[in-house]
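Student: structure, please.
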Amino acid sequence: MAAAVTKEAISRVAKEIFGRVSGLQMFGPENGQRFLKKELTGVYINRYYPESIDSAARKAFPEYTTELYERRQNKLATLRRRGKGPPKKGQGKRAMKKGGKK
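Tutor: I've put the predicted structure just below:
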């Protein structure tokens, strides 16, 4: 009985100090406490990879384009002129196998 009382007292004091409810095994190897104690890294990742201004610039100025976008559009236009561009919707390889539109 005394052991149960001391365990309850220890878990109550630990909850007051650390602000957590103790698990089944407070210091056991498989209770996940070490992962919960780790500092979250999402804030640092967001700081390291800032958002691109392209999306905001396109909303504010519809005529805004980047060099990469222009290069892609030029390449796509040349491929289409040669007949090597992407097929129209519903006219891909899978539709041709089914006996679709030609």
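
Student: and Glu63, which of the three is it?
Tutor: Three-state assignment for Glu63 (DSSP: H, G, I helix; E, B strand; the rest coil): coil.

Student: could you do Tyr69 as well?
Tutor: helix.

Student: okay, now it: neighbour count?
Tutor: Residues near Tyr69, counting by other Cβ atoms under 10 Å, number 12. Where you see a C-beta, it was placed from the backbone N, CA and C, and this is true even at glycine.

Student: measure it to Glu16 for me?
Tutor: 58 Å (Cβ to Cβ, to the nearest Å).

Student: quick one, grab the pLDDT at the residue positioned nearest the centre of the chain.
Tutor: The chain has Gly42 as the residue nearest its centroid, 10.1 Å off, counting by Cα atoms, centre = their mean. Looking at Gly42, its pLDDT is 85.

Student: against Tyr49, how distant is it?
Tutor: 11 Å.

Student: mind pulling up the pLDDT for Ala2?
Tutor: Among the per-residue scores, Ala2 holds a pLDDT of 68.

Student: one more: Lys88?
Tutor: pLDDT, read off for Lys88, is 82.

Student: ditto for Gly83
Tutor: Gly83 is assigned a pLDDT of 92 by the prediction.

Student: distance of Leu68 from Phe18?
Tutor: Taking Cβ to Cβ, one finds Leu68 at 50 Å from Phe18.
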